[in-house]
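Trainee: Sequence unavailable; structure follows:
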């Protein structure tokens, strides 16, 4: 099992920045990718970014909507994944979830992820 705890959400104005953190514990060595997803009210959960979690694979992937504004990074020593969000827009407002993928599914598909955090809320006012 992998336990994930997100933090860093908040309420900001458009153009501001936030950094989300996801602290992982448990069998983190079994994770292949760590991802960030978001879900706005009335909408489906959508992929935001992912990063390889093995020691030899730290590749990053981004949704087109956040490319150039968001940066995903990891600190393997702290078992923590970060999502730096810059130039926030009102359409970025959502609950943000950290997730761990153990299997071999598509990293942009939430169904491929095995463990999820409880989420952290991001509000962006115009």
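Mentor: Sure, I can see it. Only a predicted model underlies this, so the values are computations on that prediction, with no experimental measurement involved.

Trainee: leaving aside the residues next to it on the chain, what's closest to the residue positioned nearest the centre of the chain?
Mentor: Centroid check for the chain by Cα atoms, centre = their mean gives residue 36 as the closest residue, at 1.9 Å. In space, and not counting its chain neighbours, residue 36 is closest to residue 48: 4.3 Å by Cβ to Cβ, 6 or more residues apart in numbering. The way it works is simple: take the backbone N, C-alpha and C, and place the C-beta from them, glycine included.

Trainee: Next, the contact list for that neighbour, please.
Mentor: Listed by Cβ atoms under 8 Å, 6 or more residues apart in numbering, the contact set of residue 48 reads 35-38, 62-63, 66, 70, 83, 96.

Trainee: at 7 Å instead, please
Mentor: Taking Cβ atoms under 7 Å, 6 or more residues apart in numbering, we find residue 48 in contact with 36-38, 63, 66, 70.

Trainee: Could you do residue 120 as well?
Mentor: 6-9, 20, 96.

Trainee: likewise residue 97?
Mentor: 6, 37, 116-117, 119 are the contacts of residue 97 under Cβ under 7 Å, 6+ apart.

Trainee: Most neighbours among these, which one is it?
Mentor: Among those, residue 37 has the most neighbours (other Cβ atoms under 10 Å), with 25 neighbours.

Trainee: Which of the helices or strands spans the nearest residue to residue 116 once chain neighbours are set aside?
Mentor: Excluding the flanking residues, the one nearest residue 116 by Cβ to Cβ, 6+ apart is residue 99, at 5.0 Å. Secondary structure from DSSP states H and E places residue 99 in strand 94-101.
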